[in-house]
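A.B. asks: Predicted structure and sequence below. I'll ask about it afterward.
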Amino acid sequence: MLSVIALINYTIPMFGNERFQPYGKLLISDGTTDKLCDIKEDNNGIQYINFKHKRYGVVNRGRLWSPRFEIIKYGEEFC
């Protein structure tokens, strides 16, 4: 089970940016390994991270200004 340890360099795009969703870096842990992962977007606008050669979806269950990110299986419904 992956867990988010910390959120680093969280950016909310405002003007003149190519992105439309907030992005940053997440410190992820699986219990034995900690890794700093960039939040990326695919062509459909779904945010994801790569951890140990696998792709996982990233969902913000909090608010824009106080995010609470959750890791889900990539392609899984996140509503």
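C.D. replies: Now that the structure is in, tell me what you want to look at.

A.B. asks: quick one: secondary structure of residue 37?
C.D. replies: What DSSP: H, G, I helix; E, B strand; the rest coil gives for residue 37 is strand.

A.B. asks: who's in contact with it?
C.D. replies: 25-28, 49-51 (C-beta atoms under 8 Å, 6 or more residues apart in numbering). To be clear about C-beta, it is placed using only N, CA and C from the backbone, and glycine gets the same treatment.

A.B. asks: List buried residues within those.
C.D. replies: 25-26, 28, 49, 51 (16 or more other C-beta atoms under 10 Å).

A.B. asks: Widest-spaced pair of the residues you listed?
C.D. replies: Farthest-apart pair in the buried ones among the contacts of residue 37 is 25 and 51; separation 12.5 Å (C-beta to C-beta).

A.B. asks: ok, which stretches of the protein are helices?
C.D. replies: Along the chain, no segments are classed as helices by DSSP state H.

A.B. asks: Tell me the helices and strands packed up against the lengthiest strand in it.
C.D. replies: Longest strand in the chain by number of residues (criterion: DSSP state E): strand 3-11. Packed against strand 3-11 by the contact rule (3 or more C-beta pairs under 8 Å, 6 or more residues apart in numbering; DSSP states H and E) you find strand 23-29, strand 69-73.

A.B. asks: If anything else comes up later, I'll come back, but that's it for now.
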